[in-house]
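Visitor: sharing a model prediction with you, sequence too.
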Amino acid sequence: MARGARLTGRGWAMVVIGLVATAGAAIAGERDLIWVTAVPVFLPLLSLAHLTLDPPRITHRRTVEPATVAIGESARVVVEIRSASTTQAAALRFTDHAPAALGDGARFGIARGFGSWRQDVGYTIATTQRGRYQIGPLAAEATDALALARIRVAAEGPATSLRVTPHLWRLGSLTASPRLGAADATPQRIGQAGSDDVLVREHRHGDDLRRVHWKMTARQGDLMVRLEEHPWDPSSTLVVDTRTGAHFGQGPGSSLEWAVSAVTSVAAQLTEGRHRLTIVSPAGLACDPGHTLGEAALQLVLEAMTDLTSSEETWLGAAVADPQLLGASATIVAATGRLTAHDAAALAAAGTRALSRVALAPDVEAWGGEPGEHADALRLLRNHGWTVELYGPRTGVADAWRRATT
């Protein structure tokens, strides 16, 4: 689609000079000079008419490799441009449009002269924000050979999609950590059959005293608790805190993006181990791969976490208020923003039946805030058996995870 042709600054200058010269020749009575002075007037107009009647005919095909990248990585864009304009003499200037998060696209020129031609142009784009983006359209600007008039056209061809996922950190093994329930994989069994055939393990801080098995405690000499469920269920619930008011910073360096990256990385590690998982946020269910396992489950997670947006919810407990979403998860991992005592109480209640509970929470002072109620909330979580690890703006997810699970 061509936009209206217009004169350039040089074209307007020639028109004005020609008109002035023509008027001067007419006033002086030099009629023979009028034909000469009229040339600077008509030449830009002829150029304008040429571009209007025969605009450049440009088509293109764009490829992006890879079509999916993690935030911070680069992608290579190659644009195959074809021109069917046999009368285009001047260089064409192109703008391949893209969102600001991808660097606003690219600008380049091609000078091929008369005749049809084909040209491939490549450039690299850096990604700074997760999401789905459209690259395109491709716009071309053409002038006549003397640059007296110009016209802008949109090259025919589809826009191209690019998916920017959260950064995936390579984490340590989940089940190898004693803090994440590995010790519960082989609990002690007492009794031989029937109602006495139960499983026990050592008491942990935060366990309900009603689950203490007193006979086994007397026999072992250590406080032992009864496992009323199966000793280990390869299912996990991940909580990602998307509350706008609970986070610090903006853009890719914000605590929200840190939390999203952390949950996505943990989910990737779980799916690699063929765990079943559910991801919840204060806005509701974020991702539930169901019985899908392995690489297929990871792709579902990446799709969901790429599109995850911040919410206006004020209570983190909304993420864990539905017991059906929690199910009988063996592990609960929460990547949070600033917490209140109300938030911590909801997490503590949700984790009472889980074998392992990990919270990755912001170091408020490192983010430039005042701890206030946040410190009390973290203390409450620790008192209920949660492993709490703080993260700052420069903390790597892998480092925080290693400290939390060893």
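Guide: That came through fine.
Visitor: residue 315 contacts residue 341, doesn't it?
Guide: No - taking CB atoms under 8 Å as the definition, residue 315 is not a contact partner of residue 341, at 11.5 Å. Using the backbone N, CA and C atoms, a C-beta is placed for each residue, glycine as well.
Visitor: what lies in contact with stretch 155-166?
Guide: Contacts with stretch 155-166, where a contact means CB atoms under 8 Å, 6 or more residues apart in numbering, come from 58-64, 67-71, 75, 77, 81, 94, 101-102, 125, 127, 129-140, 257, 260-261, 264-265, 302, 305-306.
Visitor: return it as CSV; C-alpha atoms alone will do.
Guide: What follows is stretch 155-166, C-alpha atoms only, in CSV (Å, rounded to 0.1, in the frame of the first residue of the first chain):
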residue,chain,number,x,y,z
ALA,A,155,5.9,-4.0,1.3
GLU,A,156,3.6,-6.9,0.7
GLY,A,157,4.2,-9.8,3.1
PRO,A,158,3.2,-11.1,6.5
ALA,A,159,4.5,-10.0,9.8
THR,A,160,6.6,-12.6,11.8
SER,A,161,6.1,-13.7,15.3
LEU,A,162,8.8,-14.0,18.0
ARG,A,163,8.3,-15.5,21.4
VAL,A,164,10.5,-14.3,24.3
THR,A,165,10.3,-16.7,27.2
PRO,A,166,11.5,-16.1,30.8
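Visitor: buried set for it?
Guide: 155, 157, 160, 162, 163, 164, 165, 166 (16 or more other CB atoms under 10 Å).
Visitor: do stretch 52-63 as well
Guide: Buried residues in stretch 52-63, counted by 16+ other CB under 10 Å: 55, 56, 57, 58, 60, 61, 62.
Visitor: tell me the one of those residues nearest residue 285?
Guide: Nearest to residue 285 among the buried residues of stretch 52-63: residue 62, at 35.3 Å, using CB to CB.
Visitor: now do that closest one, the pLDDT please.
Guide: The score at residue 62 is 95. That number is its pLDDT.
Visitor: contact partners for it?
Guide: By CB under 8 Å, 6+ apart, the neighbours of residue 62 are 77, 78, 79, 80, 96, 135, 136, 138, 157, 158, 159, 160.
Visitor: helix or strand for the nearest residue to residue 345 once chain neighbours are set aside, which one?
Guide: Of all residues not flanking residue 345 in the chain, residue 380 sits nearest, at 6.7 Å (CB to CB, 6 or more residues apart in numbering). Remark: residue 380 resides in helix 373-383, with elements defined by DSSP states H and E.
Visitor: and the residue nearest the centre of the protein?
Guide: By CA atoms, centre = their mean, the chain has its centre lying nearest to residue 130, at 1.6 Å.
Visitor: and it, what is it in contact with?
Guide: Residue 130 touches 71, 164, 165, 166, 252, 257, 260, 305, 306, counting by CB under 8 Å, 6+ apart.
Visitor: swap in 6 Å and give it another go.
Guide: Taking CB atoms under 6 Å, 6 or more residues apart in numbering, we find residue 130 in contact with 71, 164, 166, 306.
Visitor: tell me, how many residues neighbour the last one?
Guide: With neighbours defined by other CB atoms under 10 Å, the count for residue 306 comes to 19.
Visitor: where does it sit: helix, strand or coil?
Guide: Look at residue 306: counting by DSSP: H, G, I helix; E, B strand; the rest coil, its state is helix.
Visitor: contact partners for it?
Guide: Here residue 306 is in contact with 130, 163, 165 (criterion: CB under 6 Å, 6+ apart).
Visitor: what of the first one?
Guide: With contacts defined as CB under 6 Å, 6+ apart, residue 71 is in contact with 127, 130, 164, 167.
Visitor: coming back round to it: which one of the contacts of residue 306 is nearest to residue 330?
Guide: For the contacts of residue 306, the nearest to residue 330 is residue 165 (26.5 Å; CB to CB).
Visitor: tell me what the closest one is bridged to.
Guide: Here residue 165 sits in beta bridges with residue 70, going by DSSP bridges.
Visitor: distance of it from residue 130?
Guide: 6 Å (CB to CB, to the nearest Å).
Visitor: residue 312 - how many residues pack around it?
Guide: Applying other CB under 10 Å, we find 10 other residues in the vicinity of residue 312.
Visitor: how is the chain partitioned into domains?
Guide: Here the domain parsing of the chain from automatic domain parsing is 6-53, 58-165, 192-227, 235-404.
Visitor: if we can go back for a sec, right, and the residue nearest to residue 345 touches residue 344 too?
Guide: Yes - in this structure, residue 380 is within contact of residue 344 by CB atoms under 6 Å, at 4.3 Å.
Visitor: ok, those two, which is more surrounded?
Guide: More crowded of residue 380 and residue 344, by other CB under 10 Å: residue 344, with 28 against 18.
Visitor: give the helix, strand or coil label for the more buried one.
Guide: Using three-state DSSP, the structure places residue 344 in helix.
Visitor: got the contact list for the residue nearest to it when sequence neighbours are not counted?
Guide: Distance criterion CB to CB, 6+ apart; nearest residue to residue 344, sequence neighbours excluded, is residue 377 at 3.7 Å. For residue 377, the contact set (CB under 6 Å, 6+ apart) comprises 339, 340, 341, 344.
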